[in-house]
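[1] With the input below, show me the fold.
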Amino acid sequence: MIGDSGVGKTSLIMRFTKNIFHSEFLNSIGVDFKSKDLRVDGKRIKLQIWDTAGQERYRTITSSYYKGAHAIVVVFDITNRSSFEHILRWMEDINKYAKENVLKFVVGNKSDLIQEREVKYEEARALASEMNATYFNVSAKENENINEFFESATRIFLIKYNLYVEEENENKKVTLDRRQSRSSTKRKSKNKDEEC
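    Here you go, the predicted structure:
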């Protein structure tokens, strides 16, 4: 999860993983991660979500995490026009450092602040479409569309990697960790769950 400082990346992750929201703003330092088990269409998925700092001085550190990501979420604040305009710069980093086929999402946070909106939904959606990314409007504060976003993103991931196909062997375990992505799909486990 990437984007300008203050757009609410940490708030989104904390709302999704812990269902908590803190109104006071604290800058993230470097990179942190949270994980959560999610059930989508009968499949149990373990999501590992990396929270990156948005300040310029951390960009070299955070960009090193792009390569191992299966999906990258660019977050902007719908009440902050410049955070929206910086999406192009973040996408340039994705194209430079991430895998060629990485899934891309654009998320407009703070949708509860309708009166302060500086970016229209249609405009954000059009930009995301140009970047071959899927767009979502959310509010971490009001818990609007947060679960829907992560569930939809996971569903798109499952489809992209053909993990919806029913296998004859029900014991198959798919691990898509960046260190094991090449070999782990061949290994079998008694655990019926999938991790990504």
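[2] What residues of the longest helix anywhere in the chain count as buried?
    Across the chain, the longest stretch assigned as helix under DSSP state H is helix 146-160. If you call a residue buried by 16 or more other CB atoms under 10 Å, then helix 146-160 has these buried ones: 146, 149-150, 153-154, 157-158. (Glycine included, C-beta is placed from N, CA and C.)
[3] which other helices and strands contact it?
    Applying 3 or more CB pairs under 8 Å, 6 or more residues apart in numbering; DSSP states H and E, one finds that helix 146-160 contacts helix 9-18, strand 31-40, strand 43-52, strand 71-77, strand 103-109, strand 134-137.
[4] Any idea which of these has the lowest pLDDT on average?
    Note on the helices and strands packed on helix 146-160: strand 31-40 shows the lowest mean pLDDT, a mean of 87.
[5] beta partners for the spatially most central residue of the chain?
    Against the mean C-alpha coordinate of the chain, by CA atoms, centre = their mean, the closest residue is residue 73 at 3.8 Å. On the basis of DSSP bridges, residue 73 is bridged to residue 105.
[6] In contact with it: list those residues for me.
    1-3, 105-107, 153 (CB atoms under 8 Å, 6 or more residues apart in numbering).
[7] picking up where we left off before, for residue 23, state which of the buried residues of helix 146-160 is nearest.
    Set against residue 23, the nearest of the buried residues of helix 146-160 by CB to CB is residue 146 (16.2 Å).
[8] So what's the predicted local confidence for the closest one?
    Note on residue 146: pLDDT of 97.
[9] That one touches residue 138, doesn't it?
    Yes: using CB atoms under 8 Å, residue 146 is in contact with residue 138, at 5.5 Å.
[10] hey, what's in contact with both of the two?
    Both residue 146 and residue 138 are contacted by residue 12, under the criterion CB under 8 Å, 6+ apart.
[11] for the protein, what are the low-confidence residue spans?
    24-31, 54-62, 164-196 (pLDDT under 70).
[12] make it 80
    Residue ranges of the chain with pLDDT under 80: 22-32, 53-64, 162-196.
[13] Residue 147 against residue 17, yeah?
    No: taking CB under 8 Å as the definition, residue 147 is not a contact partner of residue 17, at 11.0 Å.
[14] Measure how far the longest helix of the chain is from the centre of its chain, please.
    With CA atoms, centre = their mean, to the nearest Å as the basis, helix 146-160 stands 9 Å off its chain's centre.
[15] Residue 67 belongs to a helix, doesn't it?
    No: under DSSP: H, G, I helix; E, B strand; the rest coil, residue 67 sits outside any helix and is assigned coil.
[16] and it, how many neighbours?
    As a burial measure, residue 67 scores 11 neighbours (other CB atoms under 10 Å).
[17] ok, residue 90 touching residue 7?
    No: using CB under 8 Å, residue 90 is not in contact with residue 7, being 10.5 Å away.
[18] which ones are touching residue 4?
    Applying CB under 8 Å, 6+ apart to residue 4 gives the contacts 54, 76-77, 80, 82-83, 86.
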